[in-house]
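*Asks:* compute the structure for the input listed below.
(one chain, ligands or ions: 2)
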Amino acid sequence: MSLALGCVADDYTGASDLANTLTKAGLRTVQTIGIPADDLSLPEVDAVVVALKSRSIPAEQAVARSREAEAWLRGRGAGHILFKVCSTFDSTDAGNIGPVLDALREDAGEAIALVTPAFPETGRSVYQGHLFVGATPLNESPLKDHPLNPMRDSNLVRVLARQSRKPVGLIDVATVAQGADAVARRLDALAAEGNGGAIADAIFDSDLEVLGRAALARKVSVGASGLGLGLARALVAQGRGATDAAGSAVAGAVGGHAACLAGSCSQATLGQIEAAEAIMPVLRLDTEKLLDGDAEVEAALAWATERLASGPVLIASSASPDAVRALQGRHGTERAGHAIESALARIASALVARGVRRLVVAGGETSGAVVDHLGLRAFLVGPEIAAGVPVLRTAGAAEPMLLALKSGNFGGRDFFARALDLMP
Ligand SMILES: Nc1ncnc2c1ncn2[C@@H]1O[C@H](COP(=O)(O)OP(=O)(O)O)[C@@H](O)[C@H]1O
Ligand SMILES: O=C(O)[C@@H](O)C(=O)COP(=O)(O)O
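*Replies:* Ligands and ions are numbered 1, 2, ... in the order given. You can find the predicted model right below:
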């Protein structure tokens, strides 16, 4: 295996989002769950996205796991490593974007790394270093209420500098408009001034193509799927792409029952759950009881077992920002988050034991907990359900499954219906 591109993603939905983008851009791509064991046979691919559940763990653990993944990818020929983070830069002042960037940059022997979370396809743009979600600055968007990483500063130069060992500079839109050579010169100048990272403006895909070309001249970059698009287009232009059709790797139905699990409390997911009530049974979990033992999980499984044979069901812990804050106030943010992720993961395993082979999961941390509990090892990329969300087919599993791991903020109101239509 001689990879054109290696990617380390800090959550599982983000990994599938990136794998989707790379596949659509012409790179044969596989998503692995952590570093794959030697016995896992992977298809011939141009890119591997190693998915880690490292966005919200202690920084030193995130650094160690990211460096292991980087070494595995470079050992398979990857000349460039993209550290895939959230397009809304989900992180806290404790990290982990800054600490991981510092480590990967130093491992690569680079003085500076280009950083941009812009992803125009989903309305993420960066202007003068400020991140916008649509027309709304990040700190005024629903991301300010994220249960684990509330984003309260749209100025990413400030945000990243607070997490990094070295200062952070800006590559503004005027420089990007001048092309890849101008970006390269700006990176060199910022490095000479002692900066270790540079937030790059990007509003359109054409900006990301410029940034992809400039980034590819170095060994490491940090960004969301927009930068992935730029890197992929630069690699395909160099003749490193695939010729076979994207998504063909997952042809064929898997059958079996279908279920949806939602742990995301994003505004988008709350609306999608509401819309799903019109087309399938929806169970809203009592999160207070969920934190108080197994009774709520057992009740949810009894509810689902009565309904699975008749069609898809949806089980959700998702709640409004006020309800989330109230639960966190009573039980602590970390305990509430981990306990609910764990409960949804146990529900997922029990549903698979009851014949579910088509599973839609809403939420990045939630998807990580579910996929880990199911022991899934890798995914092939299928058709796109919504921007940033593909159908995934398990690779290396005893029985094939189809999954959709939906980033909290992605997808339209009819997402659950569209996903199930594409997961026969
Ligand atoms: N009702 C709730 N109250 C508090 N926290 C919740 C609730 N439901 C889910 N959570 C937690 O919120 C976090 C959602 O994160 P994640 O799954 O990554 O969603 P997103 O993709 O929207 O960021 C998880 O830790 C999850 O366990
Ligand atoms: O880049 C993005 O926005 C997504 O790929 C992503 O990482 C979202 O994270 P979650 O909302 O936690 O799924």
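
*Asks:* what residues does the stretch 201-350 of the chain have near ligand 2?
*Replies:* 224-225 (Cβ under 6 Å from any ligand atom). The C-beta positions use only the backbone N, C-alpha and C, and glycine is treated the same way.

*Asks:* just so I have it, where are all the helices in the stretch 201-350 of the chain?
*Replies:* Here the stretch 201-350 of the chain has its helices, by DSSP state H, counting those that start in this stretch, at 205-216, 225-237, 267-276, 287-290, 295-305, 321-331, 333-353.

*Asks:* for the last one, list the C-alpha coordinates in CSV.
*Replies:* C-alpha atoms of helix 333-353 as CSV (Å, rounded to 0.1, in the frame of the first residue of the first chain):
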residue,chain,number,x,y,z
THR,A,333,-20.7,17.6,32.1
GLU,A,334,-18.2,14.7,31.7
ARG,A,335,-20.2,12.2,33.7
ALA,A,336,-23.5,13.0,31.9
GLY,A,337,-21.8,12.9,28.5
HIS,A,338,-19.9,9.6,29.0
ALA,A,339,-22.9,7.9,30.7
ILE,A,340,-25.3,8.8,27.9
GLU,A,341,-22.8,7.8,25.2
SER,A,342,-22.3,4.5,27.0
ALA,A,343,-26.0,3.9,27.3
LEU,A,344,-26.6,4.5,23.6
ALA,A,345,-23.7,2.2,22.8
ARG,A,346,-25.2,-0.6,24.9
ILE,A,347,-28.5,-0.1,23.2
ALA,A,348,-26.8,-0.3,19.8
SER,A,349,-25.2,-3.6,20.6
ALA,A,350,-28.4,-5.0,21.9
LEU,A,351,-30.3,-3.9,18.7
VAL,A,352,-27.6,-5.6,16.5
ALA,A,353,-28.2,-8.7,18.6
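
*Asks:* what does the next helix or strand after it rub up against?
*Replies:* Counting by DSSP states H and E, the element after helix 333-353 in chain order, helix or strand, is strand 356-362. Strand 356-362 is contacted from outside by 254-264, 269, 272-273, 308, 312, 316, 318, 344, 348, 351-352, 367, 370-371, 399-406, 408, 416, 419-420, 423-424, using Cβ atoms under 8 Å, 6 or more residues apart in numbering.

*Asks:* quick one: mean pLDDT for strand 356-362?
*Replies:* In this model, strand 356-362 carries a mean pLDDT of 98.

*Asks:* contacts (any at all) between ligand 1 and it?
*Replies:* No - shown here: strand 356-362 not in contact with ligand 1 (Cβ under 6 Å from any ligand atom), separated by at least 7.0 Å.

*Asks:* pLDDT at the residue lying farthest from the centre of the chain, what is it?
*Replies:* Centroid-distance maximum for the chain: residue 306 at 33.0 Å, with Cα atoms, centre = their mean. Per-residue pLDDT puts residue 306 at 98.

*Asks:* could you do residue 244 as well?
*Replies:* 60.

*Asks:* cool, and residue 1?
*Replies:* So, for residue 1, pLDDT stands at 74.

*Asks:* can you list the residues of this protein near ligand 1?
*Replies:* So far as Cβ under 6 Å from any ligand atom goes, the chain lies against ligand 1 at 146-148, 263-266, 287, 317-319, 323-324, 327-328, 336-337, 340-341, 363-366, 407-408.

*Asks:* find the closest residue to ligand 2 in the stretch 1-150 of the chain.
*Replies:* Per Cβ to the nearest ligand atom, the residue of the stretch 1-150 of the chain with the smallest distance to ligand 2 is residue 14, at 2.9 Å.

*Asks:* and that residue, what does it touch?
*Replies:* Shown in contact with residue 14 (Cβ under 8 Å, 6+ apart): 51, 55, 84-86, 224, 364, 407.

*Asks:* now swap in residue 101 and tell me
*Replies:* Counting by Cβ under 8 Å, 6+ apart, residue 101 has contacts 83, 113, 115, 160, 164, 196-197, 222.

*Asks:* switch to 7 Å and redo it
*Replies:* By Cβ atoms under 7 Å, 6 or more residues apart in numbering, the residues touching residue 101 are 83, 113, 115, 164, 197, 222.

*Asks:* show me which pair in those residues is furthest apart.
*Replies:* Using Cβ to Cβ, the contacts of residue 101 span at most 12.8 Å, a distance reached by 83 and 164.

*Asks:* now the strands for the stretch 51-200 of the chain?
*Replies:* 81-84, 113-116, 124-127, 130-133, 136-137, 168-171, 197-200 (DSSP state E, counting those that start in this stretch).

*Asks:* any chance of CSV for these, columns distance to residue 185?
*Replies:* Conversion of these to CSV gives the following (distance: least, Cβ to Cβ, whole Å):
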stretch, distance to residue 185
strand 81-84, 22
strand 113-116, 13
strand 124-127, 19
strand 130-133, 23
strand 136-137, 29
strand 168-171, 10
strand 197-200, 12
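
*Asks:* how far away is the nearest residue to residue 309 once chain neighbours are set aside from residue 207?
*Replies:* Nearest in space to residue 309, with sequence neighbours left out and distances taken as Cβ to Cβ, 6 or more residues apart in numbering, is residue 257 at 7.2 Å. For residue 257, the distance to residue 207 equals 44 Å [Cβ to Cβ, to the nearest Å].
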